[in-house]
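Chemist: Predicted model and sequence below, questions to follow.
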Amino acid sequence: MPDGELRDSDAPAPLPDLPERKVVDHPAVGRTALDCDTLLVALDDLRTTVRTAEPGTEDAERLALAPVLGTQADHLKDIGVS
């Protein structure tokens, strides 16, 4: 079998090497441009998408702020503040 040829016909198709770019409209932080990379677990049909922002950009600041604002909003609901 030549190098690089799939040995198992049930193996998932290889993924492209280039990240995909998406813009997410988050309710608390607004529009945020993110790179989306799909990771594949070898010998399994498991894939996960990792979303990151370019370091040092406003998008990175928004991405870092989103979970903080979400946690604060959850806490306010828990104590009865809307």
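Modeler: Structure's in. What do you need? Numbering: from 1, shown residues only.
Chemist: how about the strand ranked longest in the chain as CSV, C-alpha atoms only?
Modeler: In terms of residue count, the longest strand belonging to the chain (DSSP state E) is strand 30-40. Only the C-alpha atoms of strand 30-40 are listed here, as CSV (Å, rounded to 0.1, in the frame of the first residue of the first chain):
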residue,chain,number,x,y,z
GLY,A,30,-21.1,42.1,19.2
ARG,A,31,-19.6,40.9,15.9
THR,A,32,-16.4,38.9,16.3
ALA,A,33,-14.3,37.4,13.5
LEU,A,34,-12.9,34.0,14.4
ASP,A,35,-10.7,31.4,12.8
CYS,A,36,-12.3,27.9,12.9
ASP,A,37,-10.0,24.9,12.8
THR,A,38,-11.4,21.4,12.8
LEU,A,39,-9.4,18.8,14.7
LEU,A,40,-9.7,15.1,13.9
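Chemist: hmm, who's touching it?
Modeler: Outside strand 30-40, the residues within contact range by Cβ atoms under 8 Å, 6 or more residues apart in numbering are 12, 15, 19-26, 46-54, 59, 62-63, 66. Just so you know, the C-beta spots here come from the backbone N, C-alpha and C atoms, and that holds for glycine as well.
Chemist: Point out where the chain drops to low pLDDT.
Modeler: 1-19, 73-82 (pLDDT under 70).
Chemist: can you give me the helices in it?
Modeler: Remark: helices assigned in the chain by DSSP state H are 58-78.
Chemist: Need the phi and psi values for the nearest residue to residue 66 once chain neighbours are set aside.
Modeler: Leaving aside its chain neighbours, residue 66 sits nearest to residue 29 (5.1 Å; criterion: Cβ to Cβ, 6 or more residues apart in numbering). In terms of degrees, to the nearest 10, the main-chain angles of residue 29 are phi -110, psi -10.
Chemist: Do I have it right that residue 59 meets residue 53?
Modeler: Yes - counting by Cβ atoms under 8 Å, residue 53 is a contact partner of residue 59 at 4.0 Å.
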